[in-house]
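A.B. asks: Got a sequence here, can you model it:
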Amino acid sequence: MPKKTPPCAIFCKAGRRTANGFLLAQPVQAGAAVLDRSGRFADIAGEHGTVSPAGSGAGAVPALVGQALGTLTRQNGILWVTGLPCNCKAAAGELAVTAQGQYWAGQLAAAPQPDPGGLTLRAPLEDTADETDCLYFIGG
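C.D. replies: Now for the predicted structure:
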């Protein structure tokens, strides 16, 4: 079961907002998972506490849909899981979790469909992190 409230979480307020995300108000270890107050994966903390919305900024994040490995990417403000293998039989409503830490990334809004190149599948996500929240916690 994916984590929605990880143990040993450290609460942290969002500091200054930037064009690409926000800065955390207190220092955290670069590479730590940052989650919204509902425990949904927001992103990985970057150098100096910078946080960009998942799937943007420093890069894509590996994600699992069942046993299929894909990547969280952001396109036109929507979080997608992309790069899924063509034999992925996931359905709308299935969970996407981060490959590292198994944090809740979202639910598939639709069954995966071929990407524009036709080599892999992709699906949009819903029930994703609240990017406007002012309180986040750091996954343990």
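A.B. asks: any low-confidence regions in this protein?
C.D. replies: Residue ranges of the chain with pLDDT under 70: 1-19, 57-59, 135, 140.
A.B. asks: which residues of this structure fall in strands?
C.D. replies: In the chain, the strands defined using DSSP state E lie at 10-18, 21-24, 33-36, 41-44, 50-51, 61-65, 68-75, 78-84, 95-98, 104-108, 113-114, 121-126, 135-138.
A.B. asks: now, of the ones you listed, which is deepest in the fold?
C.D. replies: Among those, the stretch with the highest mean neighbour count (mean count of other Cβ atoms under 10 Å) is strand 41-44, at a mean of 26. All C-beta atoms are positioned from the backbone trio N, CA, C, and that covers glycine.
A.B. asks: For that one, give me every contacting residue.
C.D. replies: Here strand 41-44 makes contact (Cβ atoms under 8 Å, 6 or more residues apart in numbering) with 21, 31-36, 51-54, 57-58, 61, 97-98, 103-105, 129, 131, 133, 136.
A.B. asks: and it, which strands flank it?
C.D. replies: Strand 41-44 sits in its sheet next to strand 33-36 (antiparallel), going by DSSP bridges.
A.B. asks: what about the partner strand, distance to the chain center?
C.D. replies: In terms of Cα atoms, centre = their mean, to the nearest Å, the centre of strand 33-36 is set 9 Å apart from its chain centre.
A.B. asks: Across the sheet, point out what pairs with residue 41.
C.D. replies: Beta-bridge partners recorded for residue 41 (DSSP bridges): residue 35.
A.B. asks: All set now, cheers.
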